[in-house]
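Enquirer: Below are the sequence and a predicted model for it; my questions follow.
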Amino acid sequence: MDTFSDQKLRIYGPFVLFLIGTLFFRLNWYFELSLSDLAISDLISLVAGYVCWELARWMIHQLQARYPNLLNTRRRLRWMVLLLFTLANVAWAMRRLGYVLLATDDRFMVPLPNYTYGLGIQLFYHCVYYVVYEGGYVLQAWRQTYNNNEQLKKNRLTHQLNQLRTQLNPHFLFNSLNSLSMLIHENPRQAEAFVDELSSVYRYVLRSNNHNEEAPELTTLEQELQFIRSYFELLTIRYGKGIDLHIDVDCRYLNHQIPPLTLQLLVENAVKHNVILSDSPLRVVIFTEGLQLVIQNNLQRKNSAVHSTKIGLNSIAMKYRLLGSFAISICEEAGYFVVKLPLLPTQLTPVNEP
C-alpha cells in the first residue's frame, strides 16, 4: 500500500513542533540567555527537529514495508515502542552535543534540562511522529480495506444480477411464445398483431439488458410507462377483458428514473400468481405517492399454488441495491399486492465497476 503524501508535512511539521516546544519547554530560556545564545539554541532545536523527523519517518516507513496492512498493526507498534527510547536518546544526545559544541558562554549550559526531563521531551516529540505517520497509515489502510469490501459486495451483486438476467430473458421469451402458440390456433389475426407488438417489446428488453452488463441502466419513468402500455397490449390480446391497467402518474415525476423492465416484471408477476377472468378482471394500478412509484394489483390467487422463483422481485431489489442504498417495499394490504419503488433523481448515475 502506498504511503500518504507528506511533502508539506515534512516542511511545516518540525517547525510547528519547534514552536510548541518553545512555548511549553524552553520559554524560560528567553529570559536567561543572550540573543546570540538564543539564536544558537533555536538553530540547534530546528536542525535537530528536522533530522529527528526524517529519521523517525524513515524508521516508521521501514516497519510499514516489513509489516504491512492492518493485520500487522500490533507488530509494528511493538517495534515502535522498542525503538522509541533508542531514537529519543539519539535525539537528546544530538541536541546536547550541539549545545556543548556551540556554546559561547558558560551560562548557556545552566538552563539545559537534565537527562530525564530532556528524554521526556524527546519521547513526546517521537510520539507525535508515530501518531502522524502510523495514524495516517492505519487510516489509509482502513479506507482501502473498506473500499475493497464494498467493491467485493458490488461485484457479488453484479454477478448475481447477471445470473438473474440470463434467467429473465428466456423466461420472458418462453411466456410470450406460449401465448403466441395459443393465439395461432384460436385467433390467427390476433396472433399476427401479437407478433408485431412482441417484436417492439422484446427490442426494448434486449436493449435494456445489453446496454450495460455491469450495472443497471436507468430509464425515465415516461419511457418505462410507454413500454408497459405496449407490453399490456400483448396481455390484452391474450386475456381480453380479463386484465385491466390504470395509470395515474403525476407528470412532475415523468423525468425521474427507474431501472428498466421494472414494471414489466411486476405485471408479469401479477399475471403469474392471480386468476384472470373477464367477469373478475385482474386490475393493475400504477400511481405516484411523492417520490415513490406504487404498483398494486388486486389479489385473486389461483387455486393451485404456483411455484415462485422470485426471479423478478429479486432482480428489482438487486438493481436498486447496485444503484445505492435505495430500498423497495413489498407488502400485502387490504386485498392488494403492493410494491413501492423509489423514483430516482435525473442526475443519478448507475454504480459502474472500475
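Expert: Perfect, thanks for sending it. Residues are numbered from 1 along each chain as shown.

Enquirer: and the helix or strand Gly49 falls within, which residues are buried?
Expert: Using DSSP states H and E, Gly49 sits within helix 35-66. Within helix 35-66, the residues that qualify as buried by neighbour count (16 or more other C-beta atoms under 10 Å) are 37, 40-41, 44-45, 48-50, 52-53, 55-57, 59-60, 63-64. Heads up, the C-betas are built off the backbone N, CA and C, glycines and all.

Enquirer: State the mean pLDDT of whichever helix or strand comes after that helix.
Expert: Counting by DSSP H and E, the next helix or strand C-terminal to helix 35-66 is helix 73-102. Across helix 73-102, pLDDT averages out at 81.

Enquirer: And the strands in the protein?
Expert: Under the criterion DSSP state E, the chain contains strands at 219-220, 243-248, 257-258, 282-289, 292-298, 329-333, 336-342.

Enquirer: count of neighbours near Gly98?
Expert: Using other C-beta atoms under 10 Å, Gly98 has 17 other residues around it.

Enquirer: now do Val131
Expert: With other C-beta under 10 Å as criterion, Val131 counts 10.

Enquirer: What's the separation between it and Leu77?
Expert: In this view, Val131 and Leu77 are 11 Å apart by C-beta to C-beta, to the nearest Å.

Enquirer: cool, and Leu254?
Expert: Taken as C-beta to C-beta, the span from Leu254 to Leu77 is 58 Å.

Enquirer: same deal with Leu343?
Expert: With distances taken as C-beta to C-beta, Leu343 is found 50 Å from Leu77.

Enquirer: Those two - which one has more neighbours?
Expert: Leu343 (21 against 15).

Enquirer: just checking, that one touches His256?
Expert: Yes: assessed by C-beta atoms under 8 Å, Leu343 is found in contact with His256 at 3.9 Å.

Enquirer: any residues in contact with both of these two?
Expert: Both Leu343 and His256 are in contact with 221, 291, where contact means C-beta atoms under 8 Å, 6 or more residues apart in numbering.

Enquirer: about what we covered before: which helices and strands does the helix holding Gly49 pack with?
Expert: helix 7-25, helix 29-32, helix 73-102, helix 115-186 (3 or more C-beta pairs under 8 Å, 6 or more residues apart in numbering; DSSP states H and E).

Enquirer: Compare the mean pLDDT across these and name the weakest.
Expert: Among the helices and strands packed on helix 35-66, helix 29-32 scores lowest, at a mean of 66.

Enquirer: Can you pull the poorly scored residue ranges out of the stretch 201-350 of the chain?
Expert: Within the stretch 201-350 of the chain, the set of residues satisfying pLDDT under 70 comprises 202, 205-217, 305-311, 325, 347-350.

Enquirer: ok, 80 please
Expert: 201-217, 234, 237-238, 303-312, 314-315, 318-319, 321-326, 346-350 (pLDDT under 80).

Enquirer: So which residue is dead centre in the protein?
Expert: The centroid of the chain falls nearest to Glu150 when counting by C-alpha atoms, centre = their mean (5.9 Å).

Enquirer: distance of that residue from Ile316?
Expert: 22 Å.

Enquirer: what does Gln151 give?
Expert: Distance from Gln151 to Ile316, by C-beta to C-beta: 23 Å.

Enquirer: Next: Thr116.
Expert: 70 Å.

Enquirer: Ok, Val275 next?
Expert: Val275 is 24 Å from Ile316, by C-beta to C-beta.

Enquirer: Name the residue in those two with the higher neighbour count.
Expert: Neighbour totals were compared for Val275 and Ile316, and Ile316 leads with 24 against 13 (other C-beta under 10 Å).

Enquirer: Leaving out sequence neighbours, find the closest residue to that one.
Expert: Spatially, and ignoring its direct neighbours in sequence, Ile316 is nearest to Thr262 (5.4 Å; C-beta to C-beta, 6 or more residues apart in numbering).

Enquirer: Neighbours of the one you found, how many?
Expert: 25.

Enquirer: give the contact list for it.
Expert: 224, 316, 319, 341.

Enquirer: residue contacts, Tyr130?
Expert: Tyr130 sits next to 56, 60, 80, 84 when contact means C-beta under 8 Å, 6+ apart.

Enquirer: For those, work out which two are farthest apart.
Expert: Ile60 and Leu84 (11.0 Å; C-beta to C-beta).

Enquirer: hmm, back to that, quick one: work out the angle between the helix holding Gly49 and helix 7-25.
Expert: If you take axes from the mean of the first three to the mean of the last three C-alpha atoms, to 10 degrees, helix 35-66 sits at 130 degrees to helix 7-25.

Enquirer: pLDDT of helix 35-66, averaged?
Expert: 82.

Enquirer: Looking at the contacts of Tyr130, which is nearest Pro281?
Expert: Out of the contacts of Tyr130, the member with the shortest distance to Pro281 (by C-beta to C-beta) is Ile60, at 73.9 Å.

Enquirer: is it true that that closest one touches Glu134?
Expert: Yes: using C-beta under 8 Å, Ile60 is in contact with Glu134, at 6.2 Å.
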